[in-house]
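Student: Provided below are the primary sequence and the corresponding predicted coordinates.
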Amino acid sequence: MRTDISKFLQDEGAEVIELCSGRVKDGRTFHAFVQMDIESYQRYKNALSRNIPVDLNAFGKILHTGWGSAPDVAMARRVRETCTDNSKILEAISRDSRAMADILKNNSGESAA
């Protein structure tokens, strides 16, 4: 089922905005919001699970970067408010997998246009 969901999201052009954090070579912590398509997001998560150093530019569009492990509240709010509708939907779905099942169940594949 997970493959079907990923394929559905990819076909729909869904994107995710991921808050990434880590350390640069000199030891300083950073954070970045990166907008990725589903395939890139899966590659990113795979690299993290294997402890492979990543170049965030290779995974998507960097929306914001800063020092420290997390952005301030105002910046996080601004990124959330300006992200694409697909990103907002995917973010909500990732918090509650039951929502995805409901969307797939009720999706007729027809456009309202």
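Tutor: It's in.
Student: can you give me the strands for the protein?
Tutor: Taking DSSP state E to define them, one finds strands in the chain at 15-23, 29-37, 61-67.
Student: any chance of those strands in TSV with mean pLDDT and distance to residue 55 as columns?
Tutor: In this view, the C-beta of every residue, glycine as well, is placed from N, C-alpha and C. Below are the strands of the chain laid out as TSV (pLDDT from 0 to 100; distance: least, CB to CB, whole Å):
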stretch	mean pLDDT	distance to residue 55
strand 15-23	86	11
strand 29-37	90	11
strand 61-67	89	10
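Student: can you redo these as CSV with distance to residue 50 and mean neighbour count?
Tutor: Shown next, in CSV, are the strands of the chain (distance: least, CB to CB, whole Å; neighbours: other CB atoms under 10 Å):
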stretch, distance to residue 50, mean neighbour count
strand 15-23, 14, 18
strand 29-37, 17, 19
strand 61-67, 22, 13
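Student: do you know which of these lies nearest residue 54?
Tutor: Of all those, strand 15-23 sits nearest to residue 54, with 8.0 Å by CB to CB.
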